[in-house]
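> sequence unavailable; structure follows:
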Ligand SMILES: Nc1ncnc2c1ncn2[C@@H]1O[C@H](COP(=O)(O)OP(=O)(O)OP(=O)(O)O)[C@@H](O)[C@H]1O
């Protein structure tokens, strides 16, 4: 019996909990060049963990070590509690399947023959595939959406199509653990999302997956946890929102980023920022909705100290400002602005080098807008606070417009901003 007749939904892993993969004290070098050391992480059954990090950080090296094709200098990889070094290569292949980073395989097999290779660990040396093996192959091709190419030569496919065939080969292996090295690298956005949705379905059915993923936003959206590798070790590990912060990304990638939240989810959204000199200005934003939220992100990204309000609690501009640790003066939605609340916003506006209005602003905020010496309105200007003289600028030009303003000389005497208060 060659096995493999079971369907994915009857995965024996389903319902089991706890770590299936445990990596401890891993150190790998090539010659005298250390690539990673002190790498420790474990992966729970039924979860998807993303390995992220800059080029050359060692993601592929860690994946190769986990599947046993590269021996570490130190450390242990355990699958299901047992070190892989104590198991035969074939036994490891029944537990761990992988897809390679590159798709430039030179063999000229058909797609079906390529996927059939995934059954090798389940066959004896002289065994032929049985009906159960053939069903596993068909199922894997269907799941990876490559059944329509089954009879074509592998080498005739595009890079993205090949990538899906290699995923099908790994699925045909029917292992509890999947290691995916850049599974979306050659895929268009539709196939990238479909591939990661498929991996999520597999994970929900009980499989465990570790994927090296360059696209931080896809990694954040689909992975349960991330391991950030950089500089020869793990820089951060845990929930995507805890790992993908501006500070850790600066540390790992030497890049400035703006981290907000992906619409409709609580996954972080990472926007790389072009290198530019920080705009050392203090700005108070008055407004609501997406225009005000975008103004806040743009100004924070440009390096300004930003405060916001008065804005209704729950408005996207208030949430964005709080995400970015800006002092935010709010009132409950649909409530009027009381004097004390308006007073705090006026104080912040006076202390700022400029007030920026964006999106709809209520008449109740007029004293806040008027409190500033300078007012800039973001196009299209929807402000109802018309009493203050202002220039209108497109959002993209806002940092430059703010930078061109003179900084108020009494900066040191200005009241300090509190971190993200809401009333
Ligand atoms: N066989 C090898 N011999 C020598 N050095 C190697 C070998 N394989 C990898 N390296 C080096 O090890 C380091 C880590 O490589 P690795 O491919 O693991 O990084 P990575 O994080 O997967 O990178 P990328 O994001 O670019 O795919 C790199 O500096 C690489 O040049």
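Arrived safely, thanks for sending. Everything numeric in this text was worked out from a predicted model, so none of it was measured.

> I'd like the average pLDDT over the lengthiest helix in the chain.
Longest helix in the chain by number of residues (criterion: DSSP state H): helix 189-204. Helix 189-204 shows a mean pLDDT of 89.

> for it, name the packing helices and strands.
When contacts are defined as 3 or more Cβ pairs under 8 Å, 6 or more residues apart in numbering; DSSP states H and E, helix 189-204 sits against strand 48-52, helix 159-172, strand 177-181, strand 208-212, helix 216-222. No exception for glycine: its C-beta is placed from N, CA and C like everyone else's.

> can you pull the contacts of the closest residue to residue 290 other than its chain neighbours?
Computed as Cβ to Cβ, 6 or more residues apart in numbering, the closest residue to residue 290 that is not its neighbour in sequence is residue 316, at 6.1 Å. Residue 316 makes contact with 289, 290, 292, 293, according to Cβ atoms under 8 Å, 6 or more residues apart in numbering.

> run the last query once more with 10 Å
With contact taken as Cβ atoms under 10 Å, 6 or more residues apart in numbering, residue 316 is in contact with 261, 263, 288, 289, 290, 291, 292, 293, 294, 296, 359.

> any chance of TSV for these, columns distance to the ligand, pLDDT and secondary structure?
Listed next are those as TSV, based on distance: Cβ to the nearest ligand atom, whole Å; pLDDT from 0 to 100; DSSP: H, G, I helix; E, B strand; the rest coil:
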residue	distance to the ligand	pLDDT	secondary structure
261	26	84	strand
263	28	82	coil
288	41	92	coil
289	38	92	helix
290	34	91	helix
291	37	92	helix
292	37	94	helix
293	32	94	helix
294	31	92	helix
296	33	95	helix
359	40	88	coil
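
> got the residues of the stretch 1-150 of the chain near the ligand?
Counting by Cβ under 6 Å from any ligand atom, the residues of the stretch 1-150 of the chain close to the ligand are 30, 35, 53, 55, 56, 57, 58, 59, 60, 61.

> looking at these, which are in helices?
Checked against DSSP H, those include these in helices: 59, 60, 61.

> circling back to that earlier point, turn the helices and strands packed on helix 189-204 into CSV, including mean neighbour count.
Shown next, in CSV, are the helices and strands packed on helix 189-204 (neighbours: other Cβ atoms under 10 Å):
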stretch, mean neighbour count
strand 48-52, 26
helix 159-172, 24
strand 177-181, 24
strand 208-212, 26
helix 216-222, 22
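
> that older thread, ranking by neighbours, what's the top pick from the ones in helices among the residues of the stretch 1-150 of the chain next to the ligand?
Counting neighbours by other Cβ atoms under 10 Å, the top entry in those is residue 59, with 25 neighbours.

> pretty sure residue 296 contacts residue 315?
No: the criterion here is Cβ atoms under 10 Å, and residue 296 misses it with residue 315 at 11.1 Å.

> the two: who's more crowded?
residue 296 (32 against 22).

> what's the burial count for the residue lying closest to residue 214 once chain neighbours are set aside?
Leaving aside its sequence neighbours, residue 214 sits nearest to residue 182 (Cβ to Cβ, 6+ apart; 6.5 Å). By the other Cβ under 10 Å criterion, the neighbourhood of residue 182 contains 22 residues.

> okay, domains of this protein per the record?
8-270, 282-413 (automatic domain parsing).

> most packed of the ones you listed?
domain 282-413 (a mean of 20; mean count of other Cβ atoms under 10 Å).

> now do the helices in this structure.
59-66, 89-93, 111-116, 131-143, 159-172, 189-204, 216-222, 240-243, 246-253, 289-301, 316-323, 339-351, 366-371, 398-403.

> give the intersection of the neighbour lists for residue 296 and residue 315.
With Cβ under 10 Å, 6+ apart, residue 296 and residue 315 have common neighbours 287, 308, 321, 328.

> and the end-to-end length of stretch 348-366?
Stretch 348-366 has its terminal residues 14 Å apart, counting by Cα to Cα, to the nearest Å.

> CSV please, covering the residues of the stretch 1-150 of the chain next to the ligand and showing pLDDT.
As requested, those are exported to CSV (pLDDT from 0 to 100):
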residue, pLDDT
30, 92
35, 94
53, 96
55, 92
56, 91
57, 94
58, 94
59, 95
60, 94
61, 95
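
> pull the most distant pair out of the residues you listed.
Spatially, the most separated pair among these is 30 and 53, at 17.3 Å (Cβ to Cβ).

> state the phi and psi torsions of the residue lying farthest from the centre of the chain.
No residue in the chain sits farther from the centre than residue 126, which is 45.1 Å out by Cα atoms, centre = their mean. Dihedral pair for residue 126: phi -110, psi 10, per degrees, to the nearest 10.
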